[in-house]
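Enquirer: Next input, structure requested:
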Amino acid sequence: MSNIEAKPAELRCAPESGDGEPAPVVDILTARDVPLGGPRAMTVRRTLPQRARTLIGAWCFADHYGPDEVTETGGMVVAPHPHTGLQTVSWLFSGEIEHRDSLGSHAFVRPGELNLMTGGYGISHSEVSTARTTVLHGVQLWVALPEEHRYTERDFQHHVPRPVRVDGAEIRVFLGALAGDVSPVRTFTPLLGAEITLEPGATTTLTVDPAFEHGLLVDHGSVRMAGTLLRPAELGYLPTGPDTLTLTNESTDTARTILLGGTPFEEEILMWWNFIGRTHEDIVQAREDWQNASTRFGTVPGYNGDRLPAPTLPNITIKPRRNPPRQ
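Expert: Residues are numbered from 1 along each chain as shown. Got it, this is the predicted structure:
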C-alpha cells in the first residue's frame with residue numbers, strides 16, 4: 001500500500017534510548033485516521049509510526065482498515081508507486097486485492113495468505129481490490145531493511161500459513177516462529193508476525209523470545225495483553241524481557257489480533273512517503289528518480305492507468321524522532 005497523504009511527514013526514527021532495563025509494562029498506542037485520497041476515500045487507522053513510538057523491532061508502519069463496504073468507499077485503488085529500503089506485508093481478513101509489481105509479479109492477496117514484497121534499492125507496484133470484493137478488511141505493514149541489506153534485490157514471496165490451535169486460540173504465523181510453527185519467508189532481521197484469534201473468554205499463554213519487543217494490534221474484541229486491556233484499533237507495546245505472553249479475550253465474541261515482534265532495530269532511519277533511507281539526500285534522490293521515471297523502480301506491467309506522482313518535499317530541517325525513554 002502507498003502512503004498517499006498529500007503532505008507526508010518526514011520522520012527521522014531511532015531506537016529507544018534510556019538507562020537500565022525497562023519494566024515490562026504495556027503501552028497503549030492509539031491510531032489516527034488517514035484517508036487514502038479522493039472524495040470517497042478509503043480510510044485507514046495508522047498506529048505506526050507515531051509520536052509515542054516509531055518502531056517495534058523492524059516494523060515501522062502499520063495501517064489497519066475495514067471492514068469497509070466497497071460500494072460505499074470504492075475499495076482500494078492504489079496506482080503504481082515506488083518503495084525503497086523496506087518490505088511490504090499484506091494480510092487480509094476479508095476481500096481480495098490484485099497485486100502487480102515491476103518484477104512482473106501478478107498475484108492476489110486473500111484472507112489468511114501472506115504477500116511480502118521486498119523493495120530494496122527500488123521497486124514499484126499497484127494494489128486494486130477485485131470485483132469479487134464486497135467487504136475489504138485487513139492490515140498493511142512495512143518492515144525496515146537494515147543497512148547491510150537496504151539495497152537488496154527486488155523480491156516477492158507468497159505463503160499460506162497453517163492454523164495452529166493453542167488453548168482456545170488459533171494462530172497463523174506469517175513471519176518468524178510462534179507456537180511451534182515457523183514461516184519459511186525470508187526476512188533480514190529477527191521478526192515475528194502472526195494473526196491470533198481467541199475464543200470468547202479464552203486465555204492463552206505463549207512462549208516468546210525475551211530479546212523481542214512485541215506489539216499487539218486488536219482488530220475485533222477486547223483483549224488483555226500482559227494484564228493491560230486493549231480495545232479495537234489499539235496497539236499494545238511490550239518491551240523486551242518477558243519470555244511468555246498471556247492474552248485473554250474479555251469479549252463474548254471471538255477476538256482477532258495481529259501480533260508483531262522483533263529485536264529492537266538499532267539503526268536510525270528516515271521515512272518519507274514510500275521511501276526509507278538514512279539521510280535526507282537519500283529521500284531527495286529516490287523522489288527524483290521516481291519523478292523522472294528512472295529504471296531504478298521499473299514499470300508495472302498490466303496496470304491500465306497513470307502512476308502516482310510523488311508529493312512535494314517539505315522545506316524543513318530534519319530533526320530526529322526518537323522513541324521516548326521508558327520510565
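
Enquirer: Now do the strands in the stretch 51-200 of the chain.
Expert: Here the stretch 51-200 of the chain has its strands, by DSSP state E, counting those that start in this stretch, at 59-69, 77-83, 86-94, 97-101, 106-109, 114-118, 123-129, 135-144, 155-159, 164-166, 169-175, 177-178, 181-182, 191-198.

Enquirer: Check the model's average confidence along stretch 187-197 for me.
Expert: Averaging pLDDT along stretch 187-197 yields 98.

Enquirer: bridging residues for the nearest residue to residue 198 once chain neighbours are set aside?
Expert: Using CB to CB, 6 or more residues apart in numbering and skipping residues adjacent in sequence, the residue nearest residue 198 is residue 249, 3.7 Å away. All C-beta spots, glycine's among them, are computed from the backbone N, C-alpha and C. Beta-bridge partners for residue 249, by DSSP bridges, are residue 223.

Enquirer: Tell me the spacing between residue 249 and residue 222.
Expert: 8 Å (CB to CB, to the nearest Å).

Enquirer: These two: which is more packed in?
Expert: Between residue 249 and residue 222, residue 249 has the larger neighbour count (other CB atoms under 10 Å), namely 26 against 17.

Enquirer: quick one: the more buried one and residue 170, what's the gap?
Expert: 12 Å.

Enquirer: now swap in residue 56 and tell me
Expert: From residue 56 to residue 170 the distance is 23 Å (CB to CB).

Enquirer: Also residue 225?
Expert: 17 Å.

Enquirer: for residue 217, same thing?
Expert: According to CB to CB, residue 217 stands 17 Å off from residue 170.

Enquirer: more neighbours, the two?
Expert: Neighbour totals were compared for residue 217 and residue 170, and residue 217 leads with 27 against 18 (other CB under 10 Å).

Enquirer: Just the pLDDT at that one, thanks.
Expert: The model's pLDDT for residue 217 equals 98.

Enquirer: Assign it to helix, strand or coil.
Expert: Recorded secondary structure, residue 217: strand (DSSP: H, G, I helix; E, B strand; the rest coil).

Enquirer: quick one: it and residue 255 touch, right?
Expert: No: the pair residue 217 and residue 255 does not pass the contact test of CB atoms under 8 Å, sitting 11.7 Å apart.

Enquirer: residues in contact with residue 86?
Expert: Applying CB atoms under 8 Å, 6 or more residues apart in numbering to residue 86 gives the contacts 60-61, 119, 142-145, 276.

Enquirer: filter the residues you listed to the buried ones?
Expert: Buried members of the contacts of residue 86, counted by 16 or more other CB atoms under 10 Å: 60-61, 119, 142-145, 276.

Enquirer: can you put the residues you listed in a markdown table and add pLDDT and distance to residue 316?
Expert: Below are those laid out as a markdown table (pLDDT from 0 to 100; distance: CB to CB, whole Å):
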| residue | pLDDT | distance to residue 316 |
| --- | --- | --- |
| 60 | 96 | 20 |
| 61 | 96 | 21 |
| 119 | 96 | 25 |
| 142 | 98 | 22 |
| 143 | 98 | 26 |
| 144 | 96 | 22 |
| 145 | 97 | 25 |
| 276 | 94 | 18 |
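
Enquirer: ok, of the residues you listed, which one's closest to residue 303?
Expert: If you rank the buried ones among the contacts of residue 86 by distance to residue 303 using CB to CB, residue 119 comes first, at 17.3 Å.

Enquirer: Please name the nearest non-neighbouring residue to that closest one.
Expert: Take residue 119 and drop its neighbours on the chain: the residue closest to it by CB to CB, 6+ apart is residue 83, 3.5 Å away.

Enquirer: and that neighbour, how many residues sit next to it?
Expert: Residue 83 sits with 27 neighbouring residues when counted by other CB under 10 Å.

Enquirer: Test of understanding: give the bridge partners of it.
Expert: Bridge pairing for residue 83 - DSSP bridges - gives residue 123.

Enquirer: got the contact list for it?
Expert: Residue 83 touches 117, 119, 122-125, 274-275, counting by CB under 8 Å, 6+ apart.

Enquirer: could you dump these to TSV with distance to residue 36?
Expert: Converted to TSV, the contacts of residue 83 look like this (distance: CB to CB, whole Å):
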residue	distance to residue 36
117	18
119	19
122	22
123	20
124	17
125	15
274	13
275	18
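
Enquirer: which residues of the stretch 1-150 of the chain score low on pLDDT?
Expert: 1-24, 37-41 (pLDDT under 70).

Enquirer: What of the stretch 201-327 of the chain?
Expert: For the stretch 201-327 of the chain (pLDDT under 70), the answer is 317-327.

Enquirer: All the helices of it, in order from the start?
Expert: Here the stretch 201-327 of the chain has its helices, by DSSP state H, counting those that start in this stretch, at 280-291.

Enquirer: Need the overlap of contacts for residue 249 and residue 222.
Expert: residue 255.

Enquirer: Could you chop this protein up by domain?
Expert: 31-160+270-292, 162-264 (automatic domain parsing).

Enquirer: All set now, cheers.
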